[in-house]
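S.K.: The following block contains a protein sequence and its predicted model.
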Amino acid sequence: MSETEQEQSDRQKYEFRKVIEKLKEYRGSGTQLVTIYVPPDRLISDVVAHVTQEHSEASNIKSKETRTNVQDALKSIKDRLKYYDTKPPENGMVLFSGAVDTGGGRTEMITEVLENPPQPIQSFRYHCDAEFLTEPLEEMLTDKGLFGLIVLDRREANVGWLRGKRVDPVKSATSLVPGKQRKGGQSAQRFARLRLEAIDNFYQEVAGMANDLFVEQRHEMDGILVGGPSPTKDEFLDGDYLHHELQDMVLGKFDVAYTDESGLYDLVDEASEVLAEHEILQDKQVMEEFFEELHDGDKATYGFEPTRENLVMGSVDRLLISEDLRKEVVAYECPNGHEEREFLDSDESAGEHSCSRCGETVEDGEREDAIDHLMEIADQRGTETVFVSTDFEKGDQLLTAFGGVAGLLRYSTGM
Ligand code: ZN
């Protein structure tokens, strides 16, 4: 993935995360909030048929209020589906609709369509509950990376992909390696030699399979995981069967009992710590760099206003934003033309602003999501944006000690 694509997808993920957080908070007074996950290959006409069916079944719901609410939600979804031709967008879409509580016994009808999530939707799901179903989307957002998977013993091997959290088995092979028991009449020496040859041939075959699959995509891959019983996986790795560039990408070897397709899933489970570590590796590196600059260098800035100022000057190389930052910025212009901003929590009300330069009071400002605001400037100045996870100490410090916004500078600005 190129840097710009990575950035676009980071930004898209941020936009999704915001919508999901909002959807998660909604509650229905009854089982009346409808969520539909539509995979890319599902025909819109099938979805409409399903919704029509659910609509007629909903007439059996005992509570009149819930019944009306569910049917209204389904009708609203059907209306939205009219905007689509035969198929959903490339990665599918998710439809949310229902009457949500707004307090004081009142409800409000909410309908939201999320198109093209970061990964293709795997299966059609119809869900009706007191809450919207957001977990599958949330999982996609934490998912990062593309890994090659290899499991093998001396009889069988499977190779495949791990894309985010999804395991994709691709190829398998079985060997002709004879068992340990030799037949009568065969010399022990000859038998042992033939057996070693067969094992060697099989390892070559497995490596060939992995090379075919992985070599071309090695620049997009984050690593390779190898699993199997001992000593097979060790022999395989120590014997340098893999293409040398792939060999360098092996993140670890793991004990896995099965080497059929299910072994690929076991491998991912066994490697979970390594994968979690890898996911925040880049974030860790960038934060290390930030702290080094902060203590021993002069190319670090932090806090909303100083970082923004550096951004505007074009001196920020990488903009660091905490993944958990939820802030808004309000821009005020006083009667004397002084422009100032306030950096607020998303649920904090703005109130009036008094200009720090001339003391004039300004009643209204223009309110905007702080991340959108910063990223827009970053885009104009060719600054890369890095979203930093809070799942490690220094990442958490970015949010708690530095206001969630920092920058690594291209050059020292003496600020
Ligand atoms: Zn002023």
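M.R.: Yep, it's here.

S.K.: and the gap between Glu108 and Leu133?
M.R.: When CB to CB, to the nearest Å is the yardstick, Glu108 and Leu133 sit 19 Å from each other. C-betas here are computed from N, CA, C, even on glycine.

S.K.: These two: who's more crowded?
M.R.: Looking at Glu108 and Leu133 with other CB atoms under 10 Å, you find the greater number of neighbours at Leu133, namely 19 against 10.

S.K.: Now do the more buried one against Gly252, distance only.
M.R.: 34 Å.

S.K.: Show me where the stretch 151-300 of the chain has its strands.
M.R.: Using DSSP state E, counting those that start in this stretch, the strands found in the stretch 151-300 of the chain span residues 156-163, 166-174, 223-228, 250-255, 300-302.

S.K.: Out of the ones you listed, the one nearest the ion is which?
M.R.: Nearest of the strands of the stretch 151-300 of the chain to the ion, taken as CB to the ion: strand 300-302 at 25.1 Å.

S.K.: Which elements pack onto the closest one?
M.R.: In terms of contact count using 3 or more CB pairs under 8 Å, 6 or more residues apart in numbering; DSSP states H and E, strand 300-302 is assigned the packing partners helix 281-296, strand 405-409.

S.K.: Please identify the deepest-packed of the ones you listed.
M.R.: Per residue and on average, the most neighbours among those fall to strand 405-409, with a mean of 26 (mean count of other CB atoms under 10 Å).

S.K.: Check the offset of it from the chain's centre.
M.R.: Centre-to-centre, strand 405-409 and its host chain are 23 Å apart (CA atoms, centre = their mean, to the nearest Å).

S.K.: go on, stretch 99-114?
M.R.: From the chain centre to the centre of stretch 99-114 is a distance of 28 Å (CA atoms, centre = their mean).

S.K.: Tell me the buried residues in that stretch?
M.R.: Ala99, Val100, Thr107, Ile110, Thr111, Glu112, Val113, Leu114 (16 or more other CB atoms under 10 Å).

S.K.: now the end-to-end length of it.
M.R.: Distances were taken as CA to CA, to the nearest Å; on that basis the terminal residues of stretch 99-114 are 18 Å apart.

S.K.: could I get the helices and strands packed on strand 300-302 as a markdown table with mean pLDDT and distance to the ion?
M.R.: Rendered in a markdown table, the data for those read as follows (pLDDT from 0 to 100; distance: least, CB to the ion, whole Å):
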| stretch | mean pLDDT | distance to the ion |
| --- | --- | --- |
| helix 281-296 | 93 | 33 |
| strand 405-409 | 97 | 25 |
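
S.K.: Would you format those as a markdown table with distance to Thr52 included?
M.R.: As requested, the helices and strands packed on strand 300-302 are exported to a markdown table (distance: least, CB to CB, whole Å):
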| stretch | distance to Thr52 |
| --- | --- |
| helix 281-296 | 46 |
| strand 405-409 | 48 |
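
S.K.: Can you tell me which of the strands of the stretch 151-300 of the chain is most buried?
M.R.: The most buried stretch of the strands of the stretch 151-300 of the chain, if neighbours are counted by mean count of other CB under 10 Å, is strand 223-228, with a mean of 25.
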